[in-house]
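S.K.: give me coordinates for this.
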Amino acid sequence: MSSADEGNAPLTKKRKLQRACDYCRRKKSDGPDMPNNRCSRCRARRVECTYKEAFSVRSSYPSRQVASISLVYVENLESRLERMERLVSKVLHMTLVRIPDTESMPQLCPDGNIPSDPEGSPSTVEPSARSPTPHPGSLRPELLSSLSPPSLDQSPTGSGPLEPSGDDDDTDEDLTEGLRKLSVESHPYRFHGRSSGMLLLREARQIATGSQWGQEKGQYRHHVRYSRHSVGSEVPAFDDFPPNDLLDTLVELYFRKSNDVLPFLHEPMFKRSIQEGLHLRNSGFGATVLLVCAIASRFTEDPRVLLDGSEDRHSAGWRWYQQVENVQRLELAPATLYELQLCMLMVQFLSGSTAPQATWTLIGNGIRRAVDVGAHRRNVYNAKPTIEDELWKRAFWSLVVSEWTHSYGLGRPAAIHDEDIDVALPTPIDDEYWSLPGSDDNSVPQQPEGKPSKVAVLVSLIRLSQILAFATRTLYPINKSKRTDSSWEQRIVAELDSALNNWVDSLPSHLRWDKNHEDPQHLLQSSSLLGHFYQVQIAVHRPFLSSERRDSPLSFPSVIICNNAARSTVQMLEVVYRRSGTLFHGNAGMLYMCGAVLMRSILGQRRAGRTVTVDRDIACMKTAIEMLESIKYEYVLSRRSLSRT
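M.R.: Numbers count the residues shown, from 1 in each chain. Alright, predicted model coming up:
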């Protein structure tokens, strides 16, 4: 079996060429054992032993050599492709390991091996049963859209043919065996982003089946994260609730005093569930009710909200909060809607307690738990918006607003940033216009035209918090990058001021500050929003108040802006205080910040010998102290603020 090139060789006698088969030649092996004209390597690999490839010798004609090399190179690539197809076929037909049920605690395997399916073996499971059944909580396809990284050119620089490595075939079986221990399907309640390794396994399976994301959308259309509870069967139901009359009073106080400003609970559904006794059967909802009662305890003087045997007003609500705290622990199962709501309610309660520092870690844990189930990503496959989806958005965004506010207030980095989120903002539709679960109403919820939305305050607060988060990251960084342009701060401050002005212009009429608001809810919502606006304005200009920044062109305007914002906040909150007879607890932190700004202004003017606005600032300070005094027994932060003035 000689090649065509042998005719050109300068030989006088035709000789028989002792050559290896095509497979051994590619592996650089001589194939010594040849029973039945089949070499040992071909028999071991179960491949055909052929001698079809051209046997080329060195030629003085480059074109002939290149042609021979190209033929071998192409056939080598075809051989590698066949091996990869066989490998993918093995992965496709292997039995996938079932993911443990989320209602049971995961069993960790010390040896690193995933246990096999106890209900069947690969030989008894039908191919149709091996594919995981679509689950309502499965990952949404839009969450795993592919991301193409920059191409890295790693091809060899030599001009020789690219031959497959001799180790490729040897590792096929090992790789297949390793993949048998992995589940191509990610956990139906876990979010995996585009950089996740789970996506590579899923893509390998799609290559084998020829399917695409567009063909699988139907599997994920009903993505319901909240359909099961990871702790409902593990934590026994609570039974130590307030008496029915006190329970009704506390629930009403919570929705009027707290949820009206940060509306992340659904009032009709919450009250209906209590009437049906769900809090007595479901530990998740029961814990939510207990925390609602704990927060509302600060708005009443009923002695039954205090700890037994105590007359200290600061003990209000702790008897119910401690029940929930005692069963809280690190959960390995994915978060439920109740858990996110619990986290936010615990933050609200602890913010006015003797342990406000605990809110920082609570919020961070809530953010991580929410991201773990993909609450930060948008859902585009629901044909009709539901109240369950809406409550997920409200709970998540409430945590994010708290995270950004606390990050600024404590001078610490945030756990999540605006560019990490693409979930839609809450829908500005009031609770009563959403269809409750189990109802026959299939209409799309819609806010009546001309009726102000109560939920719009949360949407506006989120947008304002986005400005605060950007200001915190750009004006208060720990590691400031070197900038050659000295005017970058002026441009950033100008952009932030413009964003704040646009935010004010975008407010609906019922959320614009008007001291003559007839609706008490609109008065409370508009005053809280404007107070937050002034706090963000102070945050933008605070860096230029220090003596070290006197040379900055922003120094003098920033002093004026911060002082005016502090005075305006105190005067506005005084109007609400005089009309309602009390200070909204969530605004106590604003008064503390305004008092600090005014105190600095008073001391600075006295040191400089200027007393133009000193008397006015002192009057504002006294008003702020009076308002903080009114809630010192219900809100510990106000008492601490007074002790530092």
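
S.K.: how does this structure divide into domains?
M.R.: 4-57, 86-106+131-145+164-223, 236-438+453-458, 489-645 (automatic domain parsing).

S.K.: worst average pLDDT in those domains?
M.R.: Here the lowest mean pLDDT among the domains of the chain goes to domain 86-106+131-145+164-223, at a mean of 47.

S.K.: got the contact list for the closest residue to T613 other than its chain neighbours?
M.R.: The spatially closest residue to T613, leaving aside those adjacent along the chain, is Q605, at 6.9 Å (Cβ to Cβ, 6 or more residues apart in numbering). From N, CA and C alone the C-beta is placed, and that goes for glycine too. Residues near Q605 by Cβ atoms under 8 Å, 6 or more residues apart in numbering: T611, V612, T613, V614, D617.

S.K.: go again with 10 Å.
M.R.: Neighbour list for Q605: N563, T611, V612, T613, V614, D617 [criterion: Cβ atoms under 10 Å, 6 or more residues apart in numbering].

S.K.: how about E301?
M.R.: R313, A316, Y633, E634.

S.K.: and the nearest residue to the last one once chain neighbours are set aside, how far from D519?
M.R.: For E634, ignoring the flanking residues on the chain, the nearest one in space by Cβ to Cβ, 6+ apart is R298 at 4.2 Å. When distance is defined by Cβ to Cβ, to the nearest Å, R298 is 23 Å away from D519.

S.K.: more neighbours: these two, which one.
M.R.: Taking neighbours as other Cβ atoms under 10 Å, R298 and D519 compare with R298 leading, 23 against 11.

S.K.: what does the pLDDT read for the nearest residue to L425 once chain neighbours are set aside?
M.R.: Take L425 and drop its neighbours on the chain: the residue closest to it by Cβ to Cβ, 6+ apart is V459, 5.2 Å away. As predicted, V459 sits at a pLDDT of 97.

S.K.: give the buried residues for the helix or strand hosting V459.
M.R.: Assigned by DSSP states H and E, V459 falls within helix 456-475. Applying a neighbour-count criterion of 16 or more other Cβ atoms under 10 Å, the buried positions in helix 456-475 are 456-462, 464-475.

S.K.: name the residues that touch the very next helix or strand once past that helix?
M.R.: Next along the chain after helix 456-475, taking DSSP H and E as the criterion, comes helix 488-506. By Cβ under 10 Å, 6+ apart, the surrounding residues in contact with helix 488-506 are 459-460, 463-464, 466-468, 470-471, 474-475, 481, 483, 485, 487, 512-513, 529-530, 533-534, 536-537, 539-541, 543-544, 549, 552-554, 557-558, 561.

S.K.: now the angle from whichever helix or strand comes after helix 488-506 to helix 488-506?
M.R.: Per DSSP H and E, the first helix or strand lying C-terminal to helix 488-506 is helix 520-541. Helix 520-541 and helix 488-506 meet at an angle of 170 degrees, taking axes from the mean of the first three to the mean of the last three Cα atoms, to 10 degrees as the criterion.

S.K.: helices or strands up against the helix or strand harbouring T569?
M.R.: Element membership for T569, per DSSP H and E: helix 555-580. Packing partners of helix 555-580 (3 or more Cβ pairs under 10 Å, 6 or more residues apart in numbering; DSSP states H and E): helix 488-506, helix 520-541, helix 588-608, helix 614-629.

S.K.: reformat the ones you listed as JSON lines; add distance to E82.
M.R.: Output for those, formatted as JSON lines (distance: least, Cβ to Cβ, whole Å):
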{"stretch": "helix 488-506", "distance to E82": "58"}
{"stretch": "helix 520-541", "distance to E82": "63"}
{"stretch": "helix 588-608", "distance to E82": "68"}
{"stretch": "helix 614-629", "distance to E82": "78"}
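
S.K.: count of residues packed around D312?
M.R.: Neighbour number of D312 under other Cβ under 10 Å is 10.

S.K.: same deal with the one 3 residues further on?
M.R.: Other residues lying near S315 total 15 when counted by other Cβ under 10 Å.

S.K.: so is the closest residue to it other than its chain neighbours in a helix, a strand, or just coil?
M.R.: Nearest non-adjacent residue to S315, counting by Cβ to Cβ, 6+ apart: L307, 4.2 Å away. Secondary structure, DSSP: H, G, I helix; E, B strand; the rest coil: L307 is coil.

S.K.: residues contacting L307?
M.R.: Counting by Cβ under 10 Å, 6+ apart, L307 has contacts H314, S315, A316, G317, W318, R319, Q322.

S.K.: return the distance of it relative to E634.
M.R.: Relative to E634, and taking Cβ to Cβ, L307 is found at 15 Å.

S.K.: repeat that for R281.
M.R.: From R281 to E634 the distance is 32 Å (Cβ to Cβ).

S.K.: hmm, Q466 and the residue nearest to L425 touching each other?
M.R.: No. With contact defined as Cβ atoms under 10 Å, V459 does not count as touching Q466 (11.2 Å).

S.K.: no further queries at this time; thank you.
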